[in-house]
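>>> task: produce atomic coordinates for the following.
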Amino acid sequence: MITMLINNNLKSCREELEITQEELGKVLGVSRKTVTGWENNYDSMPLTKLVKFSNLYKYSIDYILGLSNENNFQKIDKIDKKNIGKNLKILRTNLKMTQQQLSDECMISQTTYSNYETGQYLITTLTLYTICYKHNISIYQILK
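Got it, this is the predicted structure:
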């Protein structure tokens, strides 16, 4: 069910901007087919591309991903894996959850989640979305 919700506003944002999938693809450095996949939920947009789209066109990440009905745009100056990891750990601690519980909720391995939390890997858009969706928080709480 979650994959059906993610990116549900990407197409409408692009259409509102009156740009084609091919034009958006060129701006983001991907093919038209890749943009089609994002819009049709065959794949999730990588976080770096999502932030670039958000910053360029002034759309809130929460709005693009369907976590909010309002476009409360906030610019993200830098994606910092270590800071994101720190924020994930703070959130998990506040939720009184173990890494295993949160990773199970996201349907990923505990090792993968641990690598996100330590800042070794950048969290995927789908995992970030899942956490924010299930706990009713803004993606900006994690990316700040």
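
>>> need the contact partners of stretch 107-124.
44, 46-48, 79-86, 88-89, 92, 99-100, 102-103, 106, 127, 130, 142 (CB atoms under 8 Å, 6 or more residues apart in numbering). For the C-beta atoms, the positions are set from N, CA and C on the backbone; glycine is no exception.

>>> how far does that stretch sit from the chain's center?
Remark: stretch 107-124 is offset 14 Å from the chain centroid, using CA atoms, centre = their mean, to the nearest Å.

>>> before we move on, what about stretch 130-141?
Centre to centre, stretch against its chain (CA atoms, centre = their mean), the figure for stretch 130-141 is 10 Å.

>>> start and end of that stretch, how far apart?
One end of stretch 130-141 sits 14 Å from the other (CA to CA, to the nearest Å).

>>> please enumerate residues in contact with that stretch?
With CB under 8 Å, 6+ apart, stretch 130-141 has contacts from 2, 5, 61-62, 65, 67-68, 74, 76, 87-88, 91, 95, 102, 105-107, 128-129, 142.

>>> any quick ChimeraX command for the buried ones out of these?
To isolate the buried ones among these in ChimeraX, judged by 16 or more other CB atoms under 10 Å, type:
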select :61,62,65,67,76,87,88,91,102,105,106,128,129,142
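
>>> element containing Leu128?
helix 125-135 (DSSP states H and E).

>>> and the next element down the chain from that helix?
helix 139-143.

>>> what's the domain layout of this protein?
2-64, 81-143 (automatic domain parsing).

>>> in CSV, list these along with mean pLDDT.
Shown next, in CSV, are these (pLDDT from 0 to 100):
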stretch, mean pLDDT
domain 2-64, 90
domain 81-143, 97
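
>>> gap between the biggest helix by length in the chain and the chain center?
Ordering each helix of the chain by length in residues (DSSP state H) puts helix 81-94 first. Put simply, helix 81-94 sits 15 Å off its chain's centre (CA atoms, centre = their mean).
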